[in-house]
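Undergrad: generate coordinates for the sequence data below:
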Amino acid sequence: MRDPLTVTLAGLPSRVEIYEVGPRDGLQNEAKVLGVELKAEFIRRLIAAGLGAVELTSFVPASWVPQLSDAEELVALLGPLPGRHPVLVPNERGLDRALAAGVKEIAVFASATESFAQRNLNRSVAESLRLFQPVVRRALEAGLAVRGYVSMCFGDPWEGAVAPAQVSAVASELREMGCHELSLGDTIGVATPGQVVELLDTLATAGLGPDRLAVHFHDTYGQALANTLTSLRYGVSTVDSSAGGLGGCPYAASATGNLATEDLVWQLHGLGIETGVDLEALCRTSLWMAGLLGRPSPSRTVNALAASLK
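TA: Next comes the predicted model:
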């Protein structure tokens, strides 16, 4: 299998943590619902490929996301796993389920815009943040780590461009609650590198430096890798991505797939940045998943290397 030529650039992290969202953010958007055994196999293959942070599932009501209605069964089937394996929780009921399942890390999902907050949680931004306060507090008291997502950080399909100050206000509240890591989501994939720098500058002014941040880019307009490289130059060293480019957003029709993990790994390895990921094993996993879903992988790297993996 071909590997990228390594040529380093100054000013980049020596290692990047890839935060894999395929089993949760990817599969929740698929029309075909996979059985729990196949989901567990997908996660095991991702971990075997060297991904140390894999988001497993979401403890939301089955009526919200039927694709992930087997969360308890999945976590029990997987058992103890090496690395980080958060689950998404929307409220205290979701937290109760996650605690009963024995998870060690959770994530909460906030919005920078009112329109998306209403569609995602049927609440205003302020109301949703108040909803998360007891969730985060109780999780921390139970010894769990808590990640905070901020969605619609650059653009919203109903409101248009999003002011960086709007994002900073939500991110700051999540930090004050105790979230150890904040993931900035370009949910509809409209951002360009200048916008990324503008937002990171605004957050830095508010005391949120790159060591507390992750980035989560969608590739709707083909900008995800450019925006990722811009973030790395700024000092961010945690990047969300999805194996095979799976995913989107069930509440925003214009949100297409996440940044493909294989495309990200190709870029990072070409820059000499350590990831711990075996690219061949990862591509084989995404080809296997594409076969299960009955469609080609949207990852350019998977498709470019597919012939050499047969």
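Undergrad: residues touching residue 40, list them.
TA: 74, 77-78 (CB atoms under 8 Å, 6 or more residues apart in numbering). Every C-beta, even on glycine, is put in place using the N, C-alpha and C of the backbone.
Undergrad: hmm, try it at 6 Å
TA: Residue 40 makes contacts with 77-78, as judged by CB atoms under 6 Å, 6 or more residues apart in numbering.
Undergrad: quick one: low-confidence parts of the stretch 151-300 of the chain?
TA: Along the stretch 151-300 of the chain, the parts satisfying pLDDT under 70 run over 248-256.
Undergrad: how about the strands of it, start to end?
TA: 155-156, 160-161, 181-186, 213-217, 238-241 (DSSP state E, counting those that start in this stretch).
Undergrad: gap between the first one and the chain center?
TA: Just to be clear, that refers to strand 155-156. Centroid displacement of strand 155-156 relative to its chain, using CA atoms, centre = their mean, to the nearest Å, is 18 Å.
Undergrad: same thing with the fourth one?
TA: For strand 213-217, the distance between its averaged C-alpha position and the chain's averaged C-alpha position is 7 Å (CA atoms, centre = their mean).
Undergrad: kindly export the top helix by length along the chain (C-alpha atoms) in CSV.
TA: Secondary structure of the chain per DSSP state H: the longest helix is helix 125-141. Presented in CSV, the C-alpha positions along helix 125-141 are these (Å, rounded to 0.1, in the frame of the first residue of the first chain):
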residue,chain,number,x,y,z
VAL,A,125,-29.4,28.2,24.0
ALA,A,126,-29.7,29.5,27.6
GLU,A,127,-32.2,26.8,28.5
SER,A,128,-30.1,24.1,27.0
LEU,A,129,-27.0,25.3,28.9
ARG,A,130,-29.1,25.2,32.2
LEU,A,131,-30.1,21.7,31.3
PHE,A,132,-26.5,20.6,31.0
GLN,A,133,-25.4,22.1,34.4
PRO,A,134,-26.6,19.3,36.6
VAL,A,135,-25.5,16.7,34.0
VAL,A,136,-21.9,18.0,34.0
ARG,A,137,-21.9,18.5,37.8
ARG,A,138,-23.1,15.0,38.5
ALA,A,139,-20.8,13.5,36.0
LEU,A,140,-17.8,15.2,37.5
GLU,A,141,-18.9,14.2,41.0
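Undergrad: buried residues in it?
TA: Neighbour counts using 16 or more other CB atoms under 10 Å place 125, 128-129, 131-132, 135-136, 138-140 of helix 125-141 among the buried residues.
Undergrad: pick the one among those residues closest to residue 191.
TA: Distance to residue 191, by CB to CB, is smallest for residue 125 among the buried residues of helix 125-141, at 19.7 Å.
Undergrad: where do the helices of this protein begin and end?
TA: With DSSP H as the criterion, the chain has helices spanning 36-48, 71-78, 92-101, 114-121, 125-141, 164-177, 193-205, 224-234, 261-270, 279-293, 300-305.
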